[in-house]
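Asker: coords below, sequence missing:
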């Protein structure tokens, strides 16, 4: 990838890395909380959240009129994921062990999704992308 391509397309790296992080965190926390079925099941359900974005973005791109900006294709998936997290958090009974862990995961996930609209366009992100690009491929 040339420097010009990197500058044009480097912001695309945020989405796959953030979705991998969300999936990994949900899976790890689900395994750690496997002794509490109500919390474990919520974490395991959250492993499917990263699949919403490519599914909804492709449906929007293929079957609806074009949106004015590329980043708008992620909005429906992010809103749906946030709604799912709120629903799962609200229905978790008070006093259940692991409730705080799930709430913190939900807040962190929503923050990672919201940062998509800011982070990939920052200088810090571009520096990270350059570093990522310089990693040796074996």
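Answerer: Alright, I've got the coordinates. In this text the structure is predicted, and so the values were computed from the model without any measurement.

Asker: so residue 102 is in which element?
Answerer: Assessed by DSSP states H and E, residue 102 sits inside helix 99-114.

Asker: what does that helix rub up against?
Answerer: By CB atoms under 8 Å, 6 or more residues apart in numbering, the residues outside helix 99-114 that reach it are 18, 21-22, 25-26, 29, 33, 39, 42-43, 46, 49, 78, 81-82, 85-86, 88-89, 92-93. Glycine gets a C-beta too; all of them are placed from N, C-alpha and C.

Asker: go with 6 Å
Answerer: Contact with helix 99-114 is made by 18, 22, 29, 39, 42, 78, 82, 85, 89, 92, as judged by CB atoms under 6 Å, 6 or more residues apart in numbering.

Asker: check contacts around the second one.
Answerer: Taking CB under 6 Å, 6+ apart as the definition of contact, the neighbours of residue 22 are 50, 109.

Asker: host element of it?
Answerer: Residue 22 belongs to helix 14-32, assigned by DSSP H and E.

Asker: for whichever helix or strand comes after the helix holding residue 102, the distance to its chain's centre please.
Answerer: Counting by DSSP H and E, the element after helix 99-114 in chain order, helix or strand, is helix 123-134. Centroid displacement of helix 123-134 relative to its chain, using CA atoms, centre = their mean, to the nearest Å, is 19 Å.
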